[in-house]
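> Got a sequence here, can you build the structure:
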Amino acid sequence: MRFSELVRLLGEHGFRIVKEKGSIRYYGKSGWDKLVRVDFHGSKEVPTGTCYAILKAAGIKK
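Residues are numbered from 1 along each chain as shown. From the prediction side, this is the model:
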C-alpha cells in the first residue's frame, strides 16, 4: 500500500492530522483517545508490517 492510499484510508475513517513534527504525522479523531503515528514515506510503498501496525493502532480492519 502506498503512503497516499494509507492516508486516504485513515481519512475515510474520520482521522485528521492533529500535529506534524518533521516527517512524522499524528492523526486523531473525536471519540478516539489515542493518536496514530504515521511516518511520511513520500510516494514509496509503506512496509507491510508498518502498514498493519498503523491500521491496528487506528482500529481499522482490512
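> What's the end-to-end length of stretch 28-43?
Distance across stretch 28-43, first residue to last, is 22 Å (CA to CA, to the nearest Å).
> Can you point out the buried residues in that stretch?
Going by neighbour count (16 or more other CB atoms under 10 Å), the buried part of stretch 28-43 is 28-29, 35-36, 38, 41. From N, CA and C alone the C-beta is placed, and that goes for glycine too.
> Can you lay out those residues as CSV showing secondary structure and distance to residue 4?
Converted to CSV, the buried residues of stretch 28-43 look like this (DSSP: H, G, I helix; E, B strand; the rest coil; distance: CB to CB, whole Å):
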residue, secondary structure, distance to residue 4
28, strand, 19
29, coil, 19
35, coil, 20
36, strand, 16
38, strand, 12
41, coil, 9
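> now the residues you listed in JSON lines, with pLDDT and distance to residue 57?
Output for the buried residues of stretch 28-43, formatted as JSON lines (pLDDT from 0 to 100; distance: CB to CB, whole Å):
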{"residue": "28", "pLDDT": "96", "distance to residue 57": "11"}
{"residue": "29", "pLDDT": "94", "distance to residue 57": "12"}
{"residue": "35", "pLDDT": "94", "distance to residue 57": "9"}
{"residue": "36", "pLDDT": "95", "distance to residue 57": "5"}
{"residue": "38", "pLDDT": "94", "distance to residue 57": "9"}
{"residue": "41", "pLDDT": "80", "distance to residue 57": "16"}
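> And the furthest pair within those?
Of all pairs drawn from the buried residues of stretch 28-43, the widest gap by CB to CB lies between 29 and 41 and measures 21.4 Å.
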